[in-house]
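A.B. asks: Quick one, structure for this:
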Amino acid sequence: MAGLTLVLKKTEGFYNPRMCPWKHARRQQLRRPAFPVFVALLVCWGAANAAAQAVAPPRDPRASDLAAGTAIIRGRVVSVGSKASAPIRDARVSVSAPAGSVDPVFTDGAGRFEFKGLAAGRYILTAEKTGFVKTRYGSKNDLDPPVPVDVGGTTVLDGIEIRMPKGAAILGRIVDELGEPVVGAAVSVGFLRAAGADTRFVGVSRPGSQTDDRGEYRVGGLPAGRYYVTVSGSSEGSLIAGAPLEWARTVGWGRTFYFASPSLAGATPVALGAGEERAAVDFVLVPSRPARLTLSLTDAAGAPATGMINLLLPGDTPGSVLANRGVPLSPANPKMTPTLEPGEWVAVALGNARSIARVKLSSGEEASLTLTLGSGARITGRVVFDGSSAPPALATVRLGVRGVGPDAAVPPPGLSSGPVAVKADGSFEMSGVVGTIELQPASPLRGWMLRAVRYGDRDLLDEPLTLSGGEDINGVQVFFTDQVADLSGTTVDSEERPSPGCTVAVFSDDGRMRFGPRRARLLRADQNGRFSVSDLPEGSYLAAATPEVDAAVWLTADYLSRLQALAARVSLTGREKKAITLRCASVP
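C.D. replies: Prediction:
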């Protein structure tokens with residue numbers, strides 16, 4: 001297009017088509033009279049001004065929430081690929097530690113960066129640059145653990161090299177059964193992560209995850225790997241994000257994996273090389289009929305009750321919600337039949353009492369569900385502080401619950417009568433508890449961590465309770481500690497020299513608890529070959545060191561059995577500090 005001139009001008013606001021997607025929507029999405037234009041303009045104006053204000057916020061050039069020191073970290077950022085490494089200019093490099101972070105710096109023309117005034121500690125370095133994969137020092141993807149950088153109070157650490165691969169991308173088009181583009185469909189690209197026999201889809205959050213006015217999407221910035229692509233389900237009548245009411249969808253569809261599977265079992269993976277753009281990953285969404293669920297609510301005597309039933313469709317990430325509905329019921333209105341997209345829903349009833357149930361709905365299914373309000377379960381026990389420092393005043397300690405598994409999507413008020421105060425003698429009583437739950441402090445206790453929740457011979461942090469209501473759980477002991485087990489050590493090669501960056505896998509020696517997140521850690525040794533884990537519960541563990549670990553599948557029975565051949569056995573008590581040396585060897 002000869003003679004085309006683009007003039008950029010500073011302004012207080014700007015127009016982003018993603019903020020006002022209805023300007024690009026297709027005719028097949030129309031179903032109501034036109035939305036008042038001035039309201040749409042107000043929405044766009046507000047979004048534009050909010051975005052403009054976020055473009056260049058004022059900032060302290062050396063703001064930090066970390067203690068100051070005199071350590072220095074220097075290095076450079078380079079590209080990696082088929083050609084020789086080349087320096088990357090203007091890459092944004094950040095450094096973080098458990099205690100906080102400092103402002104980022106940008107690389108110069110030679111790809112160099114420098115952080116000054118750092119306190120002694122262990123840091124994670126991250127580099128970002130448009131067109132490249134966001135990279136943590138030493139890691140290859142989002143699951144792969146980074147290599148920490150350990151500095152002393154006066155250390156000058158030079159020679160750090162962050163190797164950034166070119167970002168890969170997946171792009172395609174989403175159409176309905178008539179070949180018309182589907183506007184505003186939520187597209188997610190992710191990978192599979194296994195733990196024991198459970199395989200979960202882990203979405204990768206990237207820009208461009210909704211289809212545009214042509215039904216097209218592009219998800220970029222991806223490292224090389226095998227990915228799965230899915231389009232979230234949508235019900236007839238649901239709204240397009242950011243669009244006015246009249247743009248409600250005229251058809252609904254179920255969740256679809258590439259290229260035409262309703263579940264992971266039949267999904268086709270997309271293999272990406274570094275920097276590769278894989279086009280034509282297209283979907284044809286087959287309309288699904290919404291399910292109809294007739295809901296009713298009764299009291300303990302079976303009479304219609306007054307209350308609210310909340311319906312939640314859990315997402316892939318624990319605690320996330322794909323959709324939710326609220327259905328009010330009363331003796332005057334004892335039944336309601338909402339239409340819902342297919343899926344496995346959690347129904348929680350709230351009133352003077354509570355109830356919880358799960359229901360799986362398929363396309364076009366008509367089902368019914370009656371929830372009976374009850375008093376919920378009762379849990380009693382005692383809080384014990386086991387440590388070397390003075391415990392907090394018991395009257396300041398409050399215990400609550402949180403959901404586990406699908407029930408993690410339920411806000412805590414739906415699972416119990418609320419947090420309870422611990423009495424002066426350390427005892428507590430909790431009522432109205434339903435669902436699969438864990439006991440947790442209602443707010444963090446400074447200097448103390450939850451070590452165990454014992455009920456008989458079970459630790460409820462490893463084996464959560466599932467309560468339907470009416471149970472009486474007595475004798476629960478909630479242990480807090482200010483001293484945790486500390487496992488540290490060094491990874492060495494075959495000649496007993498430190499092996500920097502070696503991957504360390506620590507997992508339970510007890511097969512029943514081997515796949516739980518509390519007792520499994522995957523980390524890397526620092527630039528000196530040293531590693532440290534300071535938050536493991538007491539117990540017997542296996543620790544193995546190897547140059548490469550597939551982080552997506554390492555917590556499966558087969559992979560752990562292979563790691564076990566390299567592993568050293570180590571037992572930890574609640575306050576023990578233990579150091580070991582691990583030989584860094586390839587997984588057999």
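
A.B. asks: any weak-confidence spans in this protein?
C.D. replies: 1-67, 82-84, 207-208, 351-352 (pLDDT under 70).

A.B. asks: same thing but 50
C.D. replies: Along the chain, the parts satisfying pLDDT under 50 run over 1-63.

A.B. asks: Where do the domain boundaries of it fall?
C.D. replies: 21-54, 68-165, 168-284, 305-372, 377-481, 485-583 (automatic domain parsing).

A.B. asks: Adding mean neighbour count and distance to S296, write those out as a markdown table.
C.D. replies: Placement of C-beta: from N, CA and C, glycine included. Shown next, in a markdown table, are the domains of the chain (neighbours: other CB atoms under 10 Å; distance: least, CB to CB, whole Å):
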| stretch | mean neighbour count | distance to S296 |
| --- | --- | --- |
| domain 21-54 | 13 | 31 |
| domain 68-165 | 17 | 44 |
| domain 168-284 | 18 | 22 |
| domain 305-372 | 17 | 5 |
| domain 377-481 | 17 | 17 |
| domain 485-583 | 17 | 38 |
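
A.B. asks: can those domains go into a markdown table with extra columns for distance to T298?
C.D. replies: A markdown table is the format used below for those (distance: least, CB to CB, whole Å):
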| stretch | distance to T298 |
| --- | --- |
| domain 21-54 | 37 |
| domain 68-165 | 46 |
| domain 168-284 | 27 |
| domain 305-372 | 5 |
| domain 377-481 | 13 |
| domain 485-583 | 37 |
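
A.B. asks: L293 is nearest to which of these?
C.D. replies: domain 305-372 (5.4 Å; CB to CB).

A.B. asks: That closest one: how far from the chain's middle?
C.D. replies: In terms of CA atoms, centre = their mean, to the nearest Å, the centre of domain 305-372 is set 24 Å apart from its chain centre.

A.B. asks: okay, how far is it across it, tip to tip?
C.D. replies: Distance between the boundary residues of domain 305-372 (CA to CA, to the nearest Å) amounts to 9 Å.

A.B. asks: Check stretch 414-424 too.
C.D. replies: 27 Å.

A.B. asks: if we can go back for a sec, among the domains of the chain, which is nearest A291?
C.D. replies: The nearest among these, by CB to CB, is domain 305-372 at 3.7 Å.

A.B. asks: Would you map the helices across this structure?
C.D. replies: 37-55, 557-564 (DSSP state H).

A.B. asks: about what we covered before: of the domains of the chain, which is nearest P290?
C.D. replies: Across the domains of the chain, closest to P290 is domain 305-372 (CB to CB), at 4.0 Å.

A.B. asks: So what are the sheet partners of the longest strand seen in the chain and their directions?
C.D. replies: With secondary structure taken from DSSP state E, the chain has its longest strand at strand 68-80. With DSSP bridges as the test, strand 68-80 is paired with strand 86-87 (antiparallel), strand 112-118 (antiparallel), strand 156-165 (parallel).

A.B. asks: and those as JSON lines, adding distance to S235?
C.D. replies: Output for these, formatted as JSON lines (distance: least, CB to CB, whole Å):
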{"stretch": "strand 86-87", "distance to S235": "49"}
{"stretch": "strand 112-118", "distance to S235": "49"}
{"stretch": "strand 156-165", "distance to S235": "39"}
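
A.B. asks: Which of those strands sits closest to G196?
C.D. replies: strand 156-165 (31.1 Å).

A.B. asks: ok, residues contacting the closest one?
C.D. replies: By CB atoms under 8 Å, 6 or more residues apart in numbering, the surrounding residues in contact with strand 156-165 are 71-81, 85, 88, 91, 93, 125, 127, 129, 132-133, 135, 137, 149, 151, 223-224, 274-275, 527.

A.B. asks: one more time with 7 Å, if that's ok
C.D. replies: 72-81, 85, 88, 125, 127, 129, 132-133, 135, 137, 149, 151, 223-224, 274-275 (CB atoms under 7 Å, 6 or more residues apart in numbering).

A.B. asks: where's it relative to the chain centroid, distance-wise?
C.D. replies: 28 Å.

A.B. asks: same question, stretch 158-174
C.D. replies: With CA atoms, centre = their mean, you get 21 Å for stretch 158-174.

A.B. asks: Would you mind measuring the gap between the ends of that stretch?
C.D. replies: 49 Å.

A.B. asks: ok, the nearest residue to L272 once chain neighbours are set aside to G225 distance?
C.D. replies: Closest residue to L272 apart from its sequence neighbours, by CB to CB, 6 or more residues apart in numbering: A168 at 4.2 Å. According to CB to CB, to the nearest Å, A168 and G225 sit 8 Å apart.

A.B. asks: any residues in contact with both of those two?
C.D. replies: Going by CB under 7 Å, 6+ apart, residues that sit against A168 and also against G225 are L272.

A.B. asks: OK, contacts around R76?
C.D. replies: P87, T107, A110, G111, R112, F113, E161.

A.B. asks: Look up which residues are beta-bridged to the nearest residue to the fifth one once chain neighbours are set aside.
C.D. replies: Counting by CB to CB, 6+ apart, R112 lies nearest to R76, which is 4.8 Å off, once chain neighbours are set aside. In this structure, R76 bridges to R112, E161 when assessed by DSSP bridges.

A.B. asks: just P165 next, same as before
C.D. replies: V80.

A.B. asks: Nearest spatial neighbour of V533, chain-adjacent residues omitted?
C.D. replies: L487 (4.7 Å).

A.B. asks: Just list the residues touching G489, thanks.
C.D. replies: For G489, counting by CB under 7 Å, 6+ apart, the contacting residues are F531, A579, I580, T581, L582.

A.B. asks: I437: which of those is nearest?
C.D. replies: Using CB to CB, the contacts of G489 come closest to I437 at F531, 33.7 Å.
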